[in-house]
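After the sequence you'll find the predicted model.
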Amino acid sequence: MRFFEKSKDGGPESTVDAYWLIEIKSLFSIALLKFNPGSRGNYHSHAFNALSWYLGGAVLIESVLSLGKRANRCYRRSLFPKVTGRGVLHKVFNNEDHPAYIFTVRGPWHDTWTEYNEERDETITLTHGRKVVNS
């Protein structure tokens, strides 16, 4: 559990800082995410479903990988949240020199999620604590 903490969102290689209002993985999480310039190299899914609202700052590009094809989308301000299902394999880029901010509400965590390294054509399954289940 976390209450009013700051950490990296997505492990030590992440370019995203998370400011947790609350994180109870078995129930839900609420956080403000700061997307600093850059991106992690791997595509990834999530252990949870998420609703996210783009608050402003740099333009964020989401690259979604599905059936071997990539589709890029821009994050834009909206009253309606962006829905990210736990099965979506994606990565988010900030190609500008200043951060972007996202408010997110996440559902309960499942036990596993995946990361995909496009250069090595390698998929790994992770569990809590970013422990590798298989590769």
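That came in fine, so what should we check first? Here the structure is a predicted model, which means the values were calculated and not measured.

residue ranges for the strands of this structure, please.
2-8, 16-24, 28-35, 43-44, 50-57, 60-66, 69-74, 82-84, 89-94, 100-106, 113-117, 122-127, 131-134 (DSSP state E).

Quickly run through the sheet partners of the third one, with directions.
For strand 28-35, the paired strands and their directions (DSSP bridges) are strand 16-24 (antiparallel), strand 100-106 (antiparallel).

And for the fifth one?
Strand partners for strand 50-57, identified by DSSP bridges, are recorded as strand 82-84 (antiparallel), strand 100-106 (antiparallel).

List the buried residues for that strand?
A50, S52, W53, Y54, G57 (16 or more other Cβ atoms under 10 Å). Just so you know, the C-beta spots here come from the backbone N, C-alpha and C atoms, and that holds for glycine as well.

give the contact list for the nearest residue to the fourth one once chain neighbours are set aside.
Leaving aside its chain neighbours, Y54 sits nearest to Y75 (4.3 Å; criterion: Cβ to Cβ, 6 or more residues apart in numbering). Counting by Cβ atoms under 8 Å, 6 or more residues apart in numbering, Y75 touches Y54, V59, L60, I61, E62, K82, V92, A100, I102.

what about burial for those residues, which qualify?
Y54, L60, E62, K82, V92, A100, I102.

got a list of what the third one touches?
Right, E62. For E62, the contact set (Cβ under 8 Å, 6+ apart) comprises N72, R73, C74, Y75, H90, K91, V92, F93.

List only those of these flagged as buried.
For those, buried by 16+ other Cβ under 10 Å: Y75, H90, K91, V92, F93.

The third one pairs with what?
The reference is to K91. S63.

Next up, the contacts around it.
Residues in contact with K91 (Cβ under 8 Å, 6+ apart) are S39, R40, G41, N42, Y43, H44, E62, S63.
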